[in-house]
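Visitor: Return atomic coordinates for the entry below.
(one chain, ligands or ions: 2)
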Amino acid sequence: MIDKVYCADVKPEMEGKRVKLAGWVYRKREVGKKVFIVLRDSSGIVQVVFSKELNEEAYREAKKLGIESSVIIKGTVKADPRAPTGAEVQADKLEVIQNVDFFPITKDASPEFLLDVRHLHLRSPKVASIMKVKATLVQAAREWLLQDGWYEVFPPILVTGAVEGGSTLFKLKYFDRYAYLSQSAQLYLEAAIFGLEKVWSLTPSFRAEKSRTRRHLTEFWHLELEGAWMDLWDIMKVEEELVSYMVQRALELRRSEIETFRKDLTTLKNAVPPFPRISYDEAIDILQSKGVEIEWGEDMGADEERVLTEEFEAPFFVYGYPKGIKAFYMKEDPEDPKKVLAADMLAPEGYGEIIGGSQREDDYDKLVQRILEEGMNPEDYQWYLDLRKYGSVPHSGFGLGLERLVAWVLKLDHVRWATLFPRTPSRLYP
Ligand SMILES: NC(=O)C[C@H]([NH3+])C(=O)NS(=O)(=O)OC[C@H]1O[C@@H](n2cnc3c(N)ncnc32)[C@H](O)[C@@H]1O
Ligand SMILES: [Mg+2]
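Guide: Ligands and ions are numbered 1, 2, ... in the order given. Have a look, this model is predicted:
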């Protein structure tokens, strides 16, 4: 019985072992009376050689193979330092599952074309590596959250109100009324803490953002936590411990994939607590000292954050934002009512915000006032206000954009490459 192995399992020390492989033709070339195939599967690649001398039938079939043909191959392992992985399989059996005459993706394909055929592009080893790193980051998050006593919950996606501003809501018909696609699970997590105290969710969040930046999607994966009895400083510690664990585990388990995207791992290795912390005031001072035209009270966009990240070689916090640029649910700073107890985590190397978090307003009347100040209707948030009527407690939480974390870890030039099928204002297909 021949063992079926993965491409990455084929090692020089297996010299002489007969193996069976199943995969797709990634590269092909002919030299003399030999056909060299680079076979691809989910583990990686391995060189497979068909020679007329060893098996003429298999050799003739191999000559006809097109790129991305699906095949099952049997052969004998041979150590060869010239092969891409140091070993190759000398094939004597070839079963062609489906021969492909023409595969539309070529080496010079444009980013827009690759997105048009994203369903075919997913199979590329680079895209597969991105998805493996993303999966490992989520696996690591689960590991850390479990050991730190956080409960996973499953909040609704069909909702009736805005969390992060009405201008980015997707509205849809819901029987005889309307609903929205969730911008953030936060408000529902806040309800869950009165029973579970420490909760988290990983859900798609939706933003009808028209901004065409390299860090905005209209649908993204949102890792959100909410903790009862926690203030802003408590939740910032949770954030840095969680992000540190995720990044270090990714370095431990997916280093080879990460190194295909970035050689310098310094900022990833630096992602260990405590992360640097600067106030919004300090951030404004830094930006102004670097010639950025920004006044106190203004929000920092991607460009301003990019400049700010030049000051750091690790993820860092900016805390104490002006109330006027932050959401209604954020608690006023008791020491300075012009500010709120909010903190963003920014990734270095120009990536900027990966986490938005805050301590929540836990006083009923103050929350009603903030809702009215924002031009919203308290009646739309009556259930949310009820949480401040029946045993209200100090509590804080945050949301991490998973694609933004992946984009920083792998130094991708756009968050769209960090998701299976990116959704942007101009892209809804495939
Ligand atoms: N539970 C909470 O406290 C979360 C809070 N309600 C919230 O949604 N904050 S956030 O708007 O800053 O979004 C949080 C993060 O979600 C990411 N985010 C936010 N918007 C996007 C878009 N459009 N595309 C990709 N990623 C996005 C980004 O990393 C933000 O830092
Ligand atoms: Mg934010």
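Visitor: I figured Tyr59 hits Lys33, correct?
Guide: Yes. Using Cβ atoms under 8 Å as the test, Tyr59 is close enough to Lys33 to be in contact (7.3 Å). Where you see a C-beta, it was placed from the backbone N, CA and C, and this is true even at glycine.
Visitor: quick one: which of these two has more around it?
Guide: When Tyr59 and Lys33 are compared on other Cβ atoms under 10 Å, the one with more neighbours turns out to be Tyr59, at 21 against 12.
Visitor: Now the helix or strand where the more buried one lies: buried residues?
Guide: Assigned by DSSP states H and E, Tyr59 falls within helix 56-64. The neighbour-count check on helix 56-64 (16 or more other Cβ atoms under 10 Å) flags 58-59, 61-62 as buried.
Visitor: do stretch 416-427 as well
Guide: Quick answer for stretch 416-427 (16+ other Cβ under 10 Å): 416-419, 422-424, 427.
Visitor: Quick check: the two most widely separated of the residues you listed?
Guide: Spatial extent of the buried residues of stretch 416-427 (Cβ to Cβ) is set by the pair Ala418 and Arg427 at 14.3 Å.
Visitor: before we move on, back to that, could you export the buried residues of helix 56-64 as JSON lines, including pLDDT and distance to ligand 1?
Guide: JSON lines is the format used below for these (pLDDT from 0 to 100; distance: Cβ to the nearest ligand atom, whole Å):
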{"residue": "Ala58", "pLDDT": "97", "distance to ligand 1": "49"}
{"residue": "Tyr59", "pLDDT": "98", "distance to ligand 1": "50"}
{"residue": "Glu61", "pLDDT": "97", "distance to ligand 1": "47"}
{"residue": "Ala62", "pLDDT": "98", "distance to ligand 1": "45"}
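Visitor: Got the phi and psi for Val127?
Guide: phi -70, psi -40 (degrees, to the nearest 10).
Visitor: which residues touch it?
Guide: Neighbouring residues of Val127 by Cβ atoms under 8 Å, 6 or more residues apart in numbering: 121, 417.
Visitor: what's the pLDDT at it?
Guide: pLDDT, Val127: 98.
Visitor: How about Glu305?
Guide: 98.
Visitor: how many other residues sit next to it?
Guide: For Glu305, using other Cβ under 10 Å, the count is 21.
Visitor: Apart from its neighbours in sequence, what residue is nearest it?
Guide: Gly352 (3.3 Å; Cβ to Cβ, 6 or more residues apart in numbering).
Visitor: Report how many residues lie close to the one you found.
Guide: Gly352 - counted by other Cβ under 10 Å - has 25 other residues nearby.
Visitor: how close does it get to ligand 1?
Guide: Taking Cβ to the nearest ligand atom, to the nearest Å as the criterion, Gly352 is separated from ligand 1 by 9 Å.
Visitor: Test my guess that that residue contacts His216.
Guide: No. Counting by Cβ under 8 Å, Gly352 stays clear of His216, with 11.4 Å between them.
Visitor: what do Tyr59 and Lys33 both touch?
Guide: Joint contacts of Tyr59 and Lys33 (Cβ under 8 Å, 6+ apart) are 51-52.
Visitor: coming back round to it: in CSV, could you pull the C-alpha coordinates for whatever helix or strand comes next after the helix holding Tyr59?
Guide: Per DSSP H and E, the first helix or strand lying C-terminal to helix 56-64 is strand 70-79. Below are the C-alpha coordinates for strand 70-79, written out as CSV (Å, rounded to 0.1, in the frame of the first residue of the first chain):
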residue,chain,number,x,y,z
SER,A,70,-5.7,18.1,-11.3
VAL,A,71,-3.7,14.9,-11.1
ILE,A,72,-2.8,11.9,-8.9
ILE,A,73,0.8,10.8,-9.2
LYS,A,74,2.8,7.7,-7.9
GLY,A,75,6.5,7.5,-7.9
THR,A,76,9.8,7.2,-5.9
VAL,A,77,11.4,9.9,-3.8
LYS,A,78,14.9,11.0,-4.9
ALA,A,79,17.0,13.5,-2.9
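Visitor: thinking again about what came up before, what's the most distant pair in the buried residues of helix 56-64?
Guide: Tyr59 and Glu61 (7.4 Å).
Visitor: Can you tell me which residues in the stretch 101-250 of the chain are near ligand 1?
Guide: Residues of the stretch 101-250 of the chain found near ligand 1 (Cβ under 6 Å from any ligand atom) are 163-164, 184, 186, 207, 209, 216-217, 220, 222, 224.
Visitor: Confidence-wise, which of those comes last?
Guide: Scoring those by pLDDT puts Glu209 last, at 91.
Visitor: Excluding residues flanking it in the chain, which one is nearest that one?
Guide: That would be His216: by Cβ to Cβ, 6+ apart, it lies 4.8 Å from Glu209.
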